[in-house]
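Visitor: Here is my input, please return the structure:
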Amino acid sequence: MKQGLTCILFSLLFLSLGCQQEKKNTTDNNPNEQPIKHQETAPDKEQEKPKMLSADDIILKKELRYDKYTLTDTYPYKDTTRQFQWDKIKEKLAFVENFQQTPSLYAVLQNYQNENGEAPTIQHYQRDAYRRVSDSFNVERYQAAPLYDLTTDKAVRYGRDGWLVRVQGPDTLARIPIAGVSFEGQYTVPKKYLRLIKDSVQFNIINIVDVKNQNICTLEKSGKEWIIRSMNPATSGRHKPPHAQETPTGLFVVQEHKSKMFYFKDGTRTYGGFAPYATRFTAGAYIHGVPTNDPKGSIIEYSETLGTVPKSHMCVRNASSHAQFVYKRSKDLASLVIVID
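Guide: Next comes the predicted model:
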């Protein structure tokens, strides 16, 4: 009897092992039938590209933190009207959100007052409206960084002080590969003209200057919304060679703060006065308060010329208390100024 039970047990064990082997062989021979565990450890699929936002995706909400001299969305000016160009502003905000979706090592082009050396003369240069050497994009050589073509290895254009770029190669090279954010194209630029920015930066504070309507608004990103913090009159740069020039349009990184920005009388090296609460974003262009034409004078709060016609040398004038608001909220290498027309 025991011998019979033993035979039965061995038979059952043999059948079980045979079924398992048959199942294994079937799986091995059919590549379409993979174990679940193997599927879990397979290489991840290529990550989906982030959705590119449009102006229609941008949500604006008005919660003013500075409420003096506030303008309405549309307001009268002489025999016409002016406005805040919210549709265009939304386009710029969508652009900012889109480029920040891709993690990058950022840098800002810097050559304020040629402190990093005068850029070389490019081929096919031209003279701009001020008779100064410039490129075909109307960017002056003075205070600019030279941008070199990737294939010809020649300086082909100039990059404005304050322009934002992505770093595309190691910063140990003599000339570092970059891709423009404030402008289009890929170039190399000598390392001395680049100021690296932490890759963790988020540009959530933006000041938008409108040189057409002579106004300024400040915005702050909160969740999925952009909160409007102020809406004020401003006065931009005018065309009056050789000393006064227009405020350039584009996207710039805030680079420097001065509680008092002293300036020279035109054509001299004598101080003519100061502008309070100055926030520099490109070359000699600052967002600042009402100028005081006395180096030892007191701060002037407001001028009736604000919001009228361009009168500055390149800067953006504000009521001094609003300039202070911008000054305190805008952080070096972490905030933006966007100039539109």
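
Visitor: what stretches of this protein score poorly on pLDDT?
Guide: In the predicted model of the chain, residues 1-47 satisfy pLDDT under 70.

Visitor: Where do the domain boundaries of it fall?
Guide: Domain segmentation of the chain under automatic domain parsing yields 55-100+202-340, 106-197.

Visitor: Please compute how far the first one lies from its chain's middle.
Guide: In terms of Cα atoms, centre = their mean, to the nearest Å, the gap separating the centre of domain 55-100+202-340 from the centre of its chain is 15 Å.

Visitor: With distance to residue 48 as extra columns, can I get the domains of the chain in a markdown table?
Guide: Using the backbone N, CA and C atoms, a C-beta is placed for each residue, glycine as well. Compiled in a markdown table, the domains of the chain are given as follows (distance: least, Cβ to Cβ, whole Å):
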| stretch | distance to residue 48 |
| --- | --- |
| domain 55-100+202-340 | 15 |
| domain 106-197 | 21 |
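
Visitor: Save those domains as TSV, and put in mean neighbour count too.
Guide: Below are these laid out as TSV (neighbours: other Cβ atoms under 10 Å):
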stretch	mean neighbour count
domain 55-100+202-340	18
domain 106-197	18
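
Visitor: So residue 131 lies in a strand, does it not?
Guide: No. Judged by DSSP: H, G, I helix; E, B strand; the rest coil, residue 131 forms no part of a strand; its state is coil.

Visitor: Can you give me every residue that contacts the residue nearest to it when sequence neighbours are not counted?
Guide: Closest residue to residue 131 apart from its sequence neighbours, by Cβ to Cβ, 6 or more residues apart in numbering: residue 241 at 7.3 Å. Remark: with contacts taken as Cβ atoms under 8 Å, 6 or more residues apart in numbering, residue 241 is in contact with 129-131.

Visitor: cool, residue 194 as well?
Guide: With contact set as Cβ under 8 Å, 6+ apart, residue 194 has these partners: 107-110, 145, 165, 167, 171, 176, 178.

Visitor: Determine the set of other helices and strands touching the single longest strand found in the chain.
Guide: When the chain is scanned for its longest strand (criterion: DSSP state E), the result is strand 271-282. The elements that strand 271-282 packs onto, with contact taken as 3 or more Cβ pairs under 8 Å, 6 or more residues apart in numbering; DSSP states H and E, are strand 250-253, strand 256-264, strand 285-288, helix 320-329, strand 336-340.

Visitor: Identify whichever of the ones you listed lies nearest to residue 302.
Guide: Smallest distance to residue 302 across the helices and strands packed on strand 271-282 (Cβ to Cβ): 7.4 Å, for helix 320-329.

Visitor: which residues touch that closest one?
Guide: 65-66, 68-69, 205, 207, 216, 218, 220, 229-230, 232, 257, 259, 275-279, 287-290, 299-302, 318, 335.

Visitor: Check which element follows whichever strand or helix holds residue 93 along the chain.
Guide: Residue 93 belongs to helix 86-99 when elements are defined using DSSP states H and E. Next helix or strand after helix 86-99 toward the C-terminus (DSSP H and E): strand 106-109.

Visitor: continuing past that next one, what's the next helix or strand?
Guide: In the C-terminal direction, the helix or strand that comes right after strand 106-109 (DSSP H and E) is strand 126-127.
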